[in-house]
Every structure is written in structure tokens, then in C-alpha cells.
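Chemist: No sequence on hand, only this structure:
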Ligand SMILES: Nc1ncnc2c1ncn2[C@@H]1O[C@H](CCC(=O)c2cccc(C(=O)O)c2)[C@@H](O)[C@H]1O
Ligand SMILES: [Zn+2]
């Protein structure tokens, strides 16, 4: 085995946590093609091979256009339940013990899925996944920012109404395009979500500059930043993120696929680590970007020149800055330590 193969084998069985992965963006090619076959009015290809081309993006706007065509395929609570359960199965296959899955409930309720049935579907899948696969799922409900304040209001209502809010909900996010969608307008919605006990985890600095990351920190009281890629352009921001221990949810391959960054070698992850920022590794929309969490760890190992101990530290970062309870964090970190010790034992 080459050293690289050896590291990949280590990654494959390393217990991990995933903090930035989208629900619909995790639909496997098999599920997407099955749903597309059921809905011939859709432009999504039914042939899994054709999906590879379909999931090749010219820019971020094109990615969102394609993403929404897949959202359009999810029409019933049973589709939602199956999708969620299958996403959990795939996470479990990669030894993901804990995941915070970003869900956009507005996109489903506005397409006519009953809100109560939607919540029941995700919760039913969450409980089944935990008992059958041992993978713990939690939810981040995100506002699709480009859909405007109506979407913000609806998402906030669904996340804060005690009669609707699902047990697994831990955080509140903001996704979609950043250009032309200023973050400060969402402050009142984040204030309400935070008052209801949710953590603030908006996307920022994925497709716009560091000022968007500042806005997310100042106006949305972000506790972690989704991507934060452009932060490297502002040394004061790098210092602030490091000093305040605001982690970045880095998704390297996503940034290449949406053309936010030109090549992996130009990805600023090295600058983030050098600045002392807590970095976590994530997959974002894995099948759409032709990746999975294990591949993202392999990318990180190459870009950051990590050995097994370095990879284990990266996996523990994600557990540490997750919204899992302390006993749950300790359990996964112990598992990472004993796995690594066994692997490295002579
Ligand atoms: N890399 C990413 N970076 C950012 N976001 C990402 C990424 N990957 C996936 N998303 C998801 O895309 C959604 C966008 C949905 C959206 O813009 C929209 C606009 C107008 C109408 C509707 C609708 O549903 O009717 C939806 C976000 O909410 C987010 O969860
Ligand atoms: Zn994302």
C-alpha cells in the first residue's frame, strides 16, 4: 500500500462528525434518478451517468438552478422521509457518528408539503437512523436568502413555533446566493431564532468578500461560519475568527465545483490553519459535487500535509464545535482516540 492509500484507509474507518451538509444536496444519484423517473415533467436526467454531466456547474447561479430542479422532485412526506433516511445510511457508511443536516423547510412547504407531515417525516427518519445505524442526526433550518423576507418569516416560524419545531433542531442558517442578498436584513429573524435557543450558523464569504463574514458575525451573531472562504482577504478578520474561536465549516471540493475557488491548491484552508482558526472539514452537497466526507478529509490531508494524528485532530475539531451535548462529544472523541491509537500501534 502507498502512504496515500494507507491514509485513505485510515480516513475510511475514522469516526467523524459532519457539520455542513445539505439535505437535498445529499440525495444519492440513485434517489435522484428514481424521483426523476417518477416525475417525467422534470428536466433532471433519469440516467445516473447523465447526472454526472448535469451536476457540472458553470458558476454558483447555475448550481442553484440545478439544485432547485432536484428540490422540485421532492413532493411528498414519504419522499422526505426516504431521502433523510438514505442520507443517514450514507453518513453511517462513512463512519459519521454525528451530523448536522441543513434543511430548507420553506422550499418544501411552499411546494405544498404539509408542514406537520414534513416535521414528522424528518423526525421519523432521524430516530430510525439513530437506532438502526447509530448515527445521530441534528437539524439546521436555513433561510434560502434569495427567496426574500417571506422565506425568512416562514423559516423562523417553522423553527420557533413550539407546536411544530422538531426535537432534533439545533441551529438556524442562511443559504443560497450571497450576491444581491445582504445579510443584515435577516437580523430580526436570527434574533428570534437565537431567543428560541437555536445556534446561529449562516453561510457567508462563499461567493462574496470578507465583509459578508463580518456582517454574519455582527448582525446574525454567527457562532460558526458556513464556508467563510473569502476571509483570507482580510487579516483583521482572520485574527478575529481565531481570537473568538469562530470555526469555519470548510467544504473544499464544493468551492471548486461552484467555481468559488479556481483550484484545490489555491484553496485558502492553509491560511486559515496558519492564522490559528478552528477549521472543520465538510462535504456540503456531496453527490452533486462528486465527493463525500472521506474524500474531503483526503483533500485536507494533502493540502495541510496531515498524518493520522493530524486527521484525528481535524475530526475532533468538528466534534468539539458541534452542538452535540458534552457526554456525546466525549464519547465520539474517545472513539477517535482509541481508533487512532490502535491504528498507530506497532
Ligand atoms: N454551497 C451552498 N451554498 C449556499 N446554499 C446552498 C449550498 N448548497 C446547497 N445550498 C442550499 O441552497 C438553497 C438555496 C435555495 C434558493 O436559493 C431558493 C431561491 C428561491 C426560491 C427557492 C425555493 O425553494 O422556492 C429557493 C439554500 O437554502 C441552501 O440550503
Ligand atoms: Zn452549504
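Modeler: Arrived safely, thanks for sending. Predicted, not measured: the structure shown is a model, and the values here were computed from it. Ligands and ions are numbered 1, 2, ... in the order given.
Chemist: Can you pull the residues of the chain lying near ligand 1?
Modeler: Remark: the part of the chain in contact with ligand 1 comprises 22, 25, 64, 67-68, 71, 102, 104, 107, 110, 142, 144, 146-147, 175-176, 203, 206, 254, 258, 284-285, using C-beta under 6 Å from any ligand atom. Backbone N, C-alpha and C define where each C-beta goes, glycine included.
Chemist: Give me the contact list for stretch 123-142.
Modeler: Contact with stretch 123-142 is made by 80-82, 84-85, 88-89, 91-92, 96-105, 122, 155, 158-159, 166-175, 201-203, 323-324, 328, as judged by C-beta atoms under 8 Å, 6 or more residues apart in numbering.
Chemist: In strands, which of those fall?
Modeler: 96-103, 169-175, 203 (DSSP state E).
Chemist: Compare those and tell me which has the most neighbours.
Modeler: Of all those, residue 173 has the most neighbours under the rule other C-beta atoms under 10 Å, reaching 31 neighbours.
Chemist: Does the nearest residue to that one once chain neighbours are set aside fall in a helix, a strand, or a coil region?
Modeler: Beyond its immediate neighbours in the sequence, the residue positioned closest to residue 173 (C-beta to C-beta, 6 or more residues apart in numbering) is residue 142, lying 3.4 Å away. In terms of secondary structure, residue 142 is strand; the call rests on DSSP: H, G, I helix; E, B strand; the rest coil.
Chemist: now do residue 139
Modeler: strand.
Chemist: beta partners of it?
Modeler: Each beta-bridge partner of residue 139 is listed here: residue 101, residue 169, as defined by DSSP bridges.
Chemist: okay, now it: neighbour count?
Modeler: Quick note: residue 139 (other C-beta under 10 Å) scores 28 neighbours.
Chemist: any idea of the pLDDT on it?
Modeler: pLDDT recorded at residue 139 is 99.
Chemist: again, but for residue 109
Modeler: For residue 109, the pLDDT comes out at 98.
Chemist: burial count for it?
Modeler: Taking other C-beta under 10 Å as the neighbour definition, residue 109 ends up with a count of 18.
Chemist: and the closest residue to it other than its chain neighbours, what is it in contact with?
Modeler: For residue 109, ignoring the flanking residues on the chain, the nearest one in space by C-beta to C-beta, 6+ apart is residue 115 at 5.1 Å. Under the criterion of C-beta under 8 Å, 6+ apart, the contact list for residue 115 reads 105, 109, 158, 164.
Chemist: Just flag the most distant two among those.
Modeler: Using C-beta to C-beta, the contacts of residue 115 span at most 10.2 Å, a distance reached by 109 and 164.
Chemist: what do the two both touch?
Modeler: Overlap of the contact sets of residue 109 and residue 164 (by C-beta under 8 Å, 6+ apart) consists of 115, 158.
Chemist: what are the ranges of the strands in this structure?
Modeler: For the chain, the strands defined by DSSP E cover 16-22, 96-103, 136-144, 169-175, 199-200, 203-204, 225-227, 248-250, 279-281.
Chemist: Run through who's touching the last one.
Modeler: Applying C-beta under 8 Å, 6+ apart, the contact partners of strand 279-281 are 19-20, 224, 247-252, 269, 272-273, 293, 296-297, 299-300, 314, 317-318, 321.
Chemist: what number of residues lie near residue 255?
Modeler: Per other C-beta under 10 Å, the neighbour tally for residue 255 reads 25.
Chemist: same deal with residue 187?
Modeler: By the measure other C-beta under 10 Å, the count of residues near residue 187 is 14.
Chemist: my guess is it meets residue 219, correct?
Modeler: Yes. Because the distance of 4.5 Å satisfies C-beta atoms under 8 Å, residue 187 is recorded as touching residue 219.
Chemist: thinking again about what came up before, of the ones in strands among the contacts of stretch 123-142, just say which sits nearest to ligand 1.
Modeler: Nearest to ligand 1 among the ones in strands among the contacts of stretch 123-142 is residue 175, at 2.8 Å by C-beta to the nearest ligand atom.
Chemist: can you name the two of the ones in strands among the contacts of stretch 123-142 that are farthest apart?
Modeler: In the ones in strands among the contacts of stretch 123-142, the most distant members under the criterion C-beta to C-beta are 97 and 174, with 26.7 Å between them.
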